[in-house]
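>>> Mind looking at a prediction? Sequence and model below.
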Amino acid sequence: MAKRFGGRFSPGMQQDNLNPAPAAPIRHRLAGRPKYVTMAAVPFLFGAFFQDPAGMAASLAAFGVIASAMWMTGEGLAAEAAYEVRRVARRPAIPRKLFGSVLTGLGLGLGVAEPGSLAGAGVMGVTGLVLHWLAFGTDPMRDKGIAGTDSFQGERAQKMIDEAETHLAQMRDAIRRLGDRWLDARVDRFAATVEDLFDRVRSNPGDLSAARRYLGVYLTGARDASVKFADLYRQIPDPATRASYEAFLDDLEQDFNAKSRRLLEGDKSDLDIEISVLRERLAREGVRASEPAQLEAPTTETARFLDGLLTPDRDKAR
């Protein structure tokens, strides 16, 4: 089946398509190590066929356990890479690298175990566990950027974000099937804007109600539109349809950017109010700053309302 070529200098390519660069996939710097450990365990697999039935079962089990440990470790490295990239993140719910280290020690113990020498197998298992820890490190054990948030609201926000990430992944997959790297880069740029909103909600779960429509309705519509566009564009690569889809992404990206800015401005207004209240309390206690910084007046309606509530206390202090 013939495939339409769309390159950098092809007719109908808009300049906007040339600006975004394809986003590099999130990959841990140690992501290649598990496969080498699995390859090192291959002698257990081949050597099993030259032993008695009990030895064969032990060697096959050793290889299977070590291979499973490396798969678990690879998943842990991927989770750690995603954790490191995000400004706001929760620790992985399952310590995959810890389980991988335990399975590695168990696999090595099974591989060298002999009748009457369980102590030696135990020593080898502990050695494998320690070597795994030295080679791959530990799992992230604490949340990042969400200290002091309500756990119940945080769980609700994370559940909503997980569903939104599923919609975003489906949107990416639909466009990726077209094999157009410029469209892939454009969708990745939009995804980066959406993930910035995810970080805002993670850091302040109280913003979930304000961002619910964006995480739910808007992303669901973007996914459905992307799937329909991909199906249509695969059959009829019409430049007008492509331009319409790109304009749709531009509008969505602007909306998400604007929402993120409004949430950030709301956080700044809340901070200004908290600082004002703290200074009023210090003034009532007789503590005076040498050169008090001048705070800018609240700009949002909520900030002005709260500032008005504080005005009687300010008059009494004076």
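All right, it came through fine.
>>> Every contact and neighbour count from this point should use C-alpha atoms.
OK.
>>> Name the helix or strand for the residue nearest the centre of the chain, please.
By C-alpha atoms, centre = their mean, the chain has its centre lying nearest to Ala82, at 4.6 Å. Counting by DSSP states H and E, the element that carries Ala82 is helix 53-85.
>>> and that helix, how far from the chain's centre?
Offset of helix 53-85 from its chain centre (C-alpha atoms, centre = their mean, to the nearest Å): 23 Å.
>>> Next SSE downstream of that helix?
The first helix or strand that comes after helix 53-85 along the chain, using DSSP H and E, is helix 96-112.
>>> Next one: the residue nearest to the centre of the chain from Leu45, what distance?
Noted for Ala82: a distance of 33 Å to Leu45, by C-alpha to C-alpha, to the nearest Å.
>>> Now do the strands in the stretch 101-250 of the chain.
Taking DSSP state E, counting those that start in this stretch as the criterion, the stretch 101-250 of the chain carries no strands.
>>> Okay, now the unreliable bits of it?
Low-confidence segments of the stretch 101-250 of the chain (pLDDT under 70): 115-116, 145-152, 207.
>>> How is this structure divided into domains?
Using automatic domain parsing, the domain parsing of the chain gives 21-136, 151-279.
>>> who wins for proximity to Lys144 among these?
Closest approach to Lys144 among the domains of the chain (C-alpha to C-alpha): domain 21-136, 5.2 Å.
>>> And the closest one, how far out from the chain middle?
Put simply, domain 21-136 sits 24 Å off its chain's centre (C-alpha atoms, centre = their mean).
>>> Same question for stretch 224-242.
Centroid displacement of stretch 224-242 relative to its chain, using C-alpha atoms, centre = their mean, is 28 Å.
>>> List the buried residues of it.
Using 16 or more other C-alpha atoms under 10 Å as the test for burial, stretch 224-242 gives 224-227, 229-230, 233-234, 237, 242.
>>> can you name the two of those that are farthest apart?
Farthest-apart pair in the buried residues of stretch 224-242 is Asp224 and Pro237; separation 18.4 Å (C-alpha to C-alpha).
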